[in-house]
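**Student:** from the sequence below, what's the structure:
(chains A and B)
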Amino acid sequence: MLLIKVSQREMVRLNVFLLSLKLAILAVTIRMIFAIIIGVPMPGQTIFSLPEFQLPDFLVGIRIGGEVTTDRLLGALNESLLFAALIILFGAANSLTTPTKILKVFPQRLYGFGLATAMATKMTPQFAESVSRIRMAQHLRGQSQKGAKSWRRIGTPVLEETLSKSLDLAASLEARGYGINPNPTRYKPIKWQSRESVALLPALYAAVVLPSLDLNPILILAILFLSMLAVWILK
Amino acid sequence: MIEFKNVSLIYPNSEQTIIEDLSFKLNEGEFVLIIGETGIGKSSILKLMNGLVPHHTGGILSGEIEVAGRSTRLLRPGELADLVGVVPQNPINGFVCDIVEDEIAFSLETLGVPLDVMRKRVEETLDLLALAPLRNREIQTLSGGEQQRVAIAAALVTHPKVLLLDEPTSALDPIAAEEVLSILHRLVQDLGLTVIIAEHKLERVIQFVDRILLINGGKDVQLGETRQILSTSPIAPPLVELARVTGFSELPLTIREFRRSVFEFPKLERSSISKESETLIEIESLTCSYEAGKNKYALKDINLKMNSGEILALMGRNGAGKSTLLKSLVGLSPIVSGQVRVLGHNPRDFNSRQLIKSIGYVPQEPGDLLIETKVMDECHRADVDNHANPGTTWQILTDLIGSVSPNSHPRDLSEGQKLALVVSVLLSANPRVLVLDEPTRGFDYDSKRKLVDTLKQIASADRAVILATHDVELVAELADRVVFIADGELISDADTITALTASPAFAPQVAKALPDKGVLTVTDVRAALGK
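**Tutor:** From the prediction side, this is the model:
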């Protein structure tokens, strides 16, 4: 949130962040629903009980329904929050940086990898834009916008368009000699802006350091937040 | 400079060769135009010249292509980057950077040009294309013409000897197109650059080019002086057709050349036929914003009425508000004040059934509307969705464009066929109003002629057709009425002949060649001459 507040730039990119927020909420919701319905018996205070289904004998330890305890819910919440944090951080990073900067940061020798990364980030906002444009077109054809079927209808043209746009970009890079010269020069040396550090540091933290420390996920989130704040203040 | 020796090209999984045994030679400092129907291989030839075909796209190539003595078969496109500059068909998809200046410097960076040289080159290129005032702008926010100039600048900054452009003016309004072409003309004259361009709108380019490469498909390829090729070419701009009708010996390439030879020409008397019609669209003092809740207006106080049987063309610069106006007809523009009535109802109140029964809307990318993987399935789906009798859509489609393979994938169709399919899908619901947003991008003359016939036929069945377009010649052939929009305001609303002769920038070639004679198209000229 802080990150986005800091850099309200383009709407398209803001959309990406909002999309990742929604995705994160969805992930938490789904995890919680599963935690309530399916799970192994856990100790703790019982909140409420669901009717329990009898499963065949070979599925030992798993049950559907049954007692929902505080421990079970809290455990699931912890796991899902960590997952949600990663999604949000990816979204935030994506809405802040641009493919150009990624291309420039990558060593030229890692041509293929840099290209793939740049295309992935460049395509994300365009993807969001294509979806809304094609939804509009299909609304005008009188197609319903709800249900799983609408996603198949929208998905195919969106994927085709994204693919053809990526090919255009790749062709353009290729025609302009990207990756041919082992020693490219820099027109403007990249200045790391504070917001890029803000985006990158917690992401690195989250991805590399914290999971290995075996900490409580709530604590991890707190550390992430504090580090973001710290970097921002220290800039 | 560029030499093709017995070049043949075939794409994998395709039965047809794109190019067969093609040999030609282009000289340094030439401005060459490639013409041919859509899908005949113009883009492939351009991409062969810098090695994108076959290195990037795949395909089997035989024969030899040399650019300044370097073989494109052996070198990757990147290794030709210092020699050949490319402006792709949709420059916006090819931009790597966000800022104009960075984008121009990008090619130099990849080539490893030292910083001091790079600075000079970037400045020089910014000046050459008059981009200095825009240097710190984000490319996304530029107009189509400006983006095209940035793409040209990015290609030119490496000082290439050859510049390749694929339909550089197809998405531009007439004035922006003029600007881009005159810059190219100047580059050829001043720098001795070899420019090769593929373009459908010949009326915009023939006056600038030295030679034309005409592709009739497969083996039948001609390269020759502009006049020589155009005198027999099946693809010709209105001015050349006009000269053919009026029997010129020396083919004129510019309006000036035509006007110099004075001859008697009768004035065409137009009889206005008044038909019984009912009002289908009513727009009253409509003001729209770009996004709900913002107070920057896309449209200001627009009043417009449309009757059945009418074809109305909406013209104006890129970003003038044409699309917003069209979208307001289907209830998709955020209205600040005023109202829109389609068949007497507010389009926002329509449910999806009523919407498709009242108004058919062809978006800028017609393909967005298509869902299925086969033309036939698409038609079936439209029949079911629109509660039409089975076979209705297919019938409409074959009426519009004759035969089309029922099993082909909609995305493999030519632009013209794809548009016809989308129009058929919409028409099967039998709407009273048909809306098209820039329908002729990437169209050749033949598909345009077919579209004109189709739309006239649709309008004559007591419907209203409204289209936004930059294509002056299309408007001259098609429209009954022209509405100009500038900066969100309605500037003029008049019948086609008055509207198109009022300003030279928006006048069709025939009207410029024969002013004050009441003619706009070659068809008019034939009528006036009694042919």
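**Student:** can we go C-alpha only for contacts and neighbour counts from here?
**Tutor:** OK.
**Student:** residue contacts, residue B:475?
**Tutor:** Counting by C-alpha atoms under 8 Å, 6 or more residues apart in numbering or on different chains, residue B:475 makes contact with B:313, B:469, B:482, B:496.
**Student:** which of the residues you listed fall in strands?
**Tutor:** Counting by DSSP state E, these place B:313, B:482 in strands.
**Student:** any idea which of the contacts of residue B:475 is closest to chain A?
**Tutor:** Nearest to chain A out of those is residue B:469 (C-alpha to the nearest C-alpha; 18.7 Å).
**Student:** next, count neighbours for the closest one.
**Tutor:** A count of nearby residues for residue B:469, using other C-alpha atoms under 10 Å in any protein chain shown, gives 25.
**Student:** show me which residues of chain A are close to chain B?
**Tutor:** Within chain A, the residues that sit near chain B (C-alpha under 8 Å from any C-alpha of the partner chain) are A:98-100, A:133-134, A:137-144, A:153-154, A:156-157, A:165-166, A:168-181, A:183-187.
**Student:** residues in contact with stretch B:170-189?
**Tutor:** So stretch B:170-189 is contacted by B:29-31, B:129, B:144-145, B:148-149, B:168-169, B:193-195, B:199-201, B:204-205, B:208, B:316-318, B:441-442, B:470-472, B:505-506 (C-alpha under 8 Å, 6+ apart).
**Student:** distance between it and the chain's centre?
**Tutor:** The chain centre lies 14 Å from the centre of stretch B:170-189; the measure is C-alpha atoms, centre = their mean, to the nearest Å.
**Student:** excluding covalently adjacent residues, which one is nearest to the residue in chain A positioned nearest to chain B?
**Tutor:** In chain A, the residue that lies nearest chain B is residue A:177 (3.5 Å; C-alpha to the nearest C-alpha). Distance criterion C-alpha to C-alpha, 6 or more residues apart in numbering or on different chains; nearest residue to residue A:177, sequence neighbours excluded, is residue B:78 at 3.5 Å.
**Student:** how about the contacts made by that neighbour?
**Tutor:** For residue B:78, the contact set (C-alpha under 8 Å, 6+ apart) comprises A:174-180.
**Student:** make it 6 Å
**Tutor:** Contact analysis of residue B:78 by C-alpha atoms under 6 Å, 6 or more residues apart in numbering or on different chains lists A:174-177.
**Student:** tell me the SS of it?
**Tutor:** Classification of residue B:78 using DSSP: H, G, I helix; E, B strand; the rest coil returns helix.
**Student:** report the residue ranges of every domain in the chain.
**Tutor:** Picked chain A for this. A:1-96+A:191-235, A:97-181 (automatic domain parsing).
**Student:** was after chain B, sorry
**Tutor:** What the record gives for chain B is the domain set B:1-83+B:164-235, B:84-159, from automatic domain parsing.
**Student:** contacts (any at all) between chain A and the last one?
**Tutor:** Yes: Domain B:84-159 comes into contact with chain A (C-alpha under 6 Å from any C-alpha of the partner chain), by way of B:93-94, B:97, B:107, B:109-112.
**Student:** ok, and the most crowded of those residues?
**Tutor:** Neighbour tally across the residues of domain B:84-159 next to chain A (other C-alpha under 10 Å): the maximum, 27 neighbours, falls on residue B:107.
**Student:** let me know the helix or strand that that one is in.
**Tutor:** In this assignment (DSSP states H and E), residue B:107 forms part of helix B:100-111.
**Student:** measure the closest residue to chain A within chain B to residue B:350 for me?
**Tutor:** Closest contact between chain B and chain A, by C-alpha to the nearest C-alpha, is at residue B:78 (3.5 Å). Note on residue B:78: its distance to residue B:350, by C-alpha to C-alpha, to the nearest Å, is 53 Å.
**Student:** cool, and residue B:239?
**Tutor:** 46 Å.
**Student:** does residue B:281 lie in a helix or a strand, and which?
**Tutor:** Per DSSP H and E: residue B:281 is located in strand B:279-289.
**Student:** now do residue A:225
**Tutor:** Using DSSP H and E, residue A:225 sits within helix A:217-234.
**Student:** just residue B:336 next, same as before
**Tutor:** Residue B:336 is part of strand B:335-342, with elements assigned from DSSP H and E.
**Student:** and the contacts of that strand?
**Tutor:** Here strand B:335-342 makes contact (C-alpha under 6 Å, 6+ apart) with B:280-288, B:346.
**Student:** pipe the residues you listed into TSV and attach pLDDT and distance to residue A:33 per row.
**Tutor:** What follows is the contacts of strand B:335-342, written out as TSV (pLDDT from 0 to 100; distance: C-alpha to C-alpha, whole Å):
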residue	pLDDT	distance to residue A:33
B:280	91	52
B:281	92	51
B:282	93	51
B:283	93	50
B:284	93	52
B:285	92	52
B:286	92	48
B:287	91	47
B:288	89	44
B:346	91	43
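**Student:** are any of these buried, and which?
**Tutor:** Among the contacts of strand B:335-342, those classed as buried by neighbour count (16 or more other C-alpha atoms under 10 Å in any protein chain shown) are B:280-284, B:286-288, B:346.
**Student:** for chain A, tell me which of those show up nearby.
**Tutor:** Counting by C-alpha under 6 Å from any C-alpha, nothing from the buried ones among the contacts of strand B:335-342 sits close to chain A.
**Student:** most widely separated two among the residues you listed?
**Tutor:** Greatest spatial distance among these (C-alpha to C-alpha): B:280 and B:288, at 20.7 Å.
**Student:** spell out which parts of the stretch 351-500 of chain B neighbour chain A.
**Tutor:** In this structure, the stretch 351-500 of chain B approaches chain A at residues B:352, B:356, B:368-369, B:371, judged by C-alpha under 6 Å from any C-alpha.
**Student:** mind doing that once more with 8 Å?
**Tutor:** Within the stretch 351-500 of chain B, the positions near chain A by C-alpha under 8 Å from any C-alpha are B:352-353, B:355-356, B:360-361, B:363, B:367-371, B:385, B:426.
**Student:** ok, and what's touching stretch B:433-445?
**Tutor:** The contact list for stretch B:433-445 (C-alpha under 8 Å, 6+ apart) reads B:36-38, B:167, B:170-171, B:200-201, B:235, B:280, B:323, B:326, B:358-364, B:415-416, B:419, B:448, B:463-471.
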